[in-house]
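Asker: Quick one: sequence plus predicted model below, questions after.
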Amino acid sequence: MVFGVNGKGTLSNSPLNYGVSHSGGVVAVAVGDIPVGIDVQVVDSKKLSFLRTYFSKLANEINYETMPVSDQIQLLTKQWCVVESYSKCFGGAVGSLMRLRGVDMNKRLQQEELICSQSTINLYGRTYCIAVVCATACTIERLY
(Lines give C-alpha, C1' and ligand atoms only; values in the text may rest on other atoms or scores of the structure.)
Protein backbone atom coordinates (compact mmCIF):
# COMPACT_ATOMS: atom_id res chain seq x y z
CA MET A 1 0.00 0.00 0.00
CA VAL A 2 1.24 3.48 -0.89
CA PHE A 3 -0.09 6.88 0.19
CA GLY A 4 -0.25 9.90 -2.12
CA VAL A 5 0.43 13.52 -1.18
CA ASN A 6 -3.12 13.99 0.10
CA GLY A 7 -3.04 10.75 2.10
CA LYS A 8 -5.15 8.74 -0.36
CA GLY A 9 -4.13 5.10 -0.17
CA THR A 10 -3.56 3.02 -3.30
CA LEU A 11 -2.43 -0.51 -3.85
CA SER A 12 1.20 -0.67 -4.95
CA ASN A 13 1.75 -2.16 -8.41
CA SER A 14 -1.99 -2.18 -9.10
CA PRO A 15 -4.24 0.04 -11.22
CA LEU A 16 -7.02 -0.31 -8.65
CA ASN A 17 -8.23 2.52 -6.42
CA TYR A 18 -10.20 1.92 -3.27
CA GLY A 19 -12.08 3.66 -0.51
CA VAL A 20 -13.06 2.42 2.95
CA SER A 21 -15.48 3.79 5.53
CA HIS A 22 -17.04 2.50 8.74
CA SER A 23 -19.77 3.61 11.11
CA GLY A 24 -21.79 1.92 13.82
CA GLY A 25 -20.33 -1.53 13.20
CA VAL A 26 -20.74 -1.44 9.40
CA VAL A 27 -17.86 -1.27 6.93
CA ALA A 28 -18.24 -0.07 3.32
CA VAL A 29 -15.62 -0.60 0.63
CA ALA A 30 -15.47 0.67 -2.95
CA VAL A 31 -12.91 -0.53 -5.50
CA GLY A 32 -12.39 0.62 -9.07
CA ASP A 33 -9.90 1.49 -11.76
CA ILE A 34 -10.70 5.20 -11.27
CA PRO A 35 -10.44 7.43 -8.15
CA VAL A 36 -13.26 6.56 -5.76
CA GLY A 37 -14.44 7.79 -2.36
CA ILE A 38 -17.03 6.19 -0.10
CA ASP A 39 -18.67 7.10 3.17
CA VAL A 40 -21.19 5.35 5.39
CA GLN A 41 -22.81 6.97 8.41
CA VAL A 42 -25.31 5.67 10.90
CA VAL A 43 -28.31 8.00 11.03
CA ASP A 44 -28.10 9.35 14.58
CA SER A 45 -30.18 12.12 16.18
CA LYS A 46 -27.14 13.11 18.29
CA LYS A 47 -25.54 14.48 15.10
CA LEU A 48 -28.45 16.76 14.18
CA SER A 49 -27.09 19.92 15.82
CA PHE A 50 -23.71 19.56 14.05
CA LEU A 51 -25.35 18.73 10.72
CA ARG A 52 -27.73 21.71 10.93
CA THR A 53 -24.77 24.00 11.61
CA TYR A 54 -22.56 22.50 8.89
CA PHE A 55 -25.36 22.60 6.32
CA SER A 56 -26.99 25.79 7.57
CA LYS A 57 -27.33 27.24 4.07
CA LEU A 58 -28.88 24.02 2.71
CA ALA A 59 -31.07 23.68 5.80
CA ASN A 60 -32.45 27.20 5.25
CA GLU A 61 -33.04 26.58 1.54
CA ILE A 62 -35.11 23.46 2.15
CA ASN A 63 -36.95 24.91 5.15
CA TYR A 64 -36.05 21.86 7.21
CA GLU A 65 -37.99 23.09 10.24
CA THR A 66 -41.22 21.98 8.53
CA MET A 67 -39.88 18.42 8.17
CA PRO A 68 -40.12 15.72 10.82
CA VAL A 69 -36.87 15.49 12.80
CA SER A 70 -36.21 11.96 11.52
CA ASP A 71 -36.36 13.23 7.90
CA GLN A 72 -34.04 16.15 8.74
CA ILE A 73 -31.45 13.80 10.23
CA GLN A 74 -31.61 11.44 7.26
CA LEU A 75 -31.41 14.20 4.63
CA LEU A 76 -28.50 15.98 6.31
CA THR A 77 -26.67 12.69 6.99
CA LYS A 78 -26.94 11.83 3.27
CA GLN A 79 -25.45 15.22 2.41
CA TRP A 80 -22.61 14.64 4.89
CA CYS A 81 -21.87 11.29 3.21
CA VAL A 82 -21.62 13.04 -0.17
CA VAL A 83 -19.22 15.66 1.23
CA GLU A 84 -17.03 12.99 2.88
CA SER A 85 -17.04 10.77 -0.22
CA TYR A 86 -16.07 13.72 -2.39
CA SER A 87 -13.20 14.56 -0.07
CA LYS A 88 -12.03 10.94 0.14
CA CYS A 89 -12.18 10.45 -3.63
CA PHE A 90 -8.95 12.39 -4.03
CA GLY A 91 -7.54 12.02 -0.53
CA GLY A 92 -8.80 15.25 1.02
CA ALA A 93 -8.06 15.86 4.68
CA VAL A 94 -10.61 16.73 7.35
CA GLY A 95 -9.78 20.41 6.79
CA SER A 96 -11.07 20.13 3.23
CA LEU A 97 -14.46 19.17 4.64
CA MET A 98 -14.71 22.52 6.38
CA ARG A 99 -13.85 24.31 3.13
CA LEU A 100 -16.83 22.56 1.53
CA ARG A 101 -19.20 24.04 4.11
CA GLY A 102 -22.03 25.81 2.31
CA VAL A 103 -21.00 24.46 -1.11
CA ASP A 104 -23.79 23.16 -3.34
CA MET A 105 -22.40 19.62 -3.73
CA ASN A 106 -24.71 18.68 -6.60
CA LYS A 107 -23.42 21.65 -8.59
CA ARG A 108 -19.81 20.90 -7.55
CA LEU A 109 -20.07 17.27 -8.64
CA GLN A 110 -21.55 18.34 -11.98
CA GLN A 111 -18.86 20.98 -12.60
CA GLU A 112 -16.09 18.50 -11.86
CA GLU A 113 -17.81 15.76 -13.88
CA LEU A 114 -17.89 13.35 -10.96
CA ILE A 115 -20.45 10.61 -10.46
CA CYS A 116 -22.26 10.28 -7.13
CA SER A 117 -24.54 7.53 -5.93
CA GLN A 118 -26.22 7.63 -2.55
CA SER A 119 -28.64 5.43 -0.70
CA THR A 120 -30.17 4.68 2.66
CA ILE A 121 -30.08 1.15 4.02
CA ASN A 122 -31.42 -0.57 7.12
CA LEU A 123 -29.16 -3.12 8.83
CA TYR A 124 -29.38 -4.68 12.25
CA GLY A 125 -32.19 -2.35 13.30
CA ARG A 126 -30.29 0.84 12.40
CA THR A 127 -30.50 3.17 9.41
CA TYR A 128 -27.33 4.02 7.49
CA CYS A 129 -26.67 6.48 4.70
CA ILE A 130 -24.02 5.60 2.16
CA ALA A 131 -22.52 7.60 -0.71
CA VAL A 132 -19.92 6.84 -3.34
CA VAL A 133 -18.20 9.48 -5.47
CA CYS A 134 -16.01 8.50 -8.39
CA ALA A 135 -14.16 10.21 -11.19
CA THR A 136 -15.13 10.01 -14.85
CA ALA A 137 -12.85 9.77 -17.88
CA CYS A 138 -13.11 13.58 -18.27
CA THR A 139 -12.05 14.15 -14.67
CA ILE A 140 -9.08 11.82 -15.03
CA GLU A 141 -7.88 13.59 -18.20
CA ARG A 142 -7.82 16.90 -16.28
CA LEU A 143 -6.04 15.35 -13.30
CA TYR A 144 -3.31 13.55 -15.18
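Answerer: Sure thing, it's come through. Numbering: from 1, shown residues only.
Asker: average pLDDT across the helix ranked longest in the chain?
Answerer: Longest helix in the chain, counting residues (DSSP state H): helix 69-89. Averaged over helix 69-89, pLDDT sits at 87.
Asker: can you pull the buried residues of it?
Answerer: 72-89 (16 or more other Cβ atoms under 10 Å). (Glycine included, C-beta is placed from N, CA and C.)
Asker: Mind giving me the packing neighbours of it?
Answerer: Taking 3 or more Cβ pairs under 8 Å, 6 or more residues apart in numbering; DSSP states H and E as contact, the helices and strands that helix 69-89 lies on are strand 17-23, strand 36-42, helix 48-54, helix 56-61, helix 94-99, helix 105-111, strand 115-123, strand 126-134.
Asker: tilt between that helix and strand 126-134?
Answerer: Using axes from the mean of the first three to the mean of the last three Cα atoms, to 10 degrees, the inter-axis angle of helix 69-89 relative to strand 126-134 is 30 degrees.
Asker: Could you give the separation of helix 69-89 from the chain centroid?
Answerer: Put simply, helix 69-89 sits 6 Å off its chain's centre (Cα atoms, centre = their mean, to the nearest Å).
Asker: now the angle between strand 17-23 and that helix, please.
Answerer: Orientation check (the same axes, to 10 degrees): helix 69-89 against strand 17-23 gives 150 degrees.
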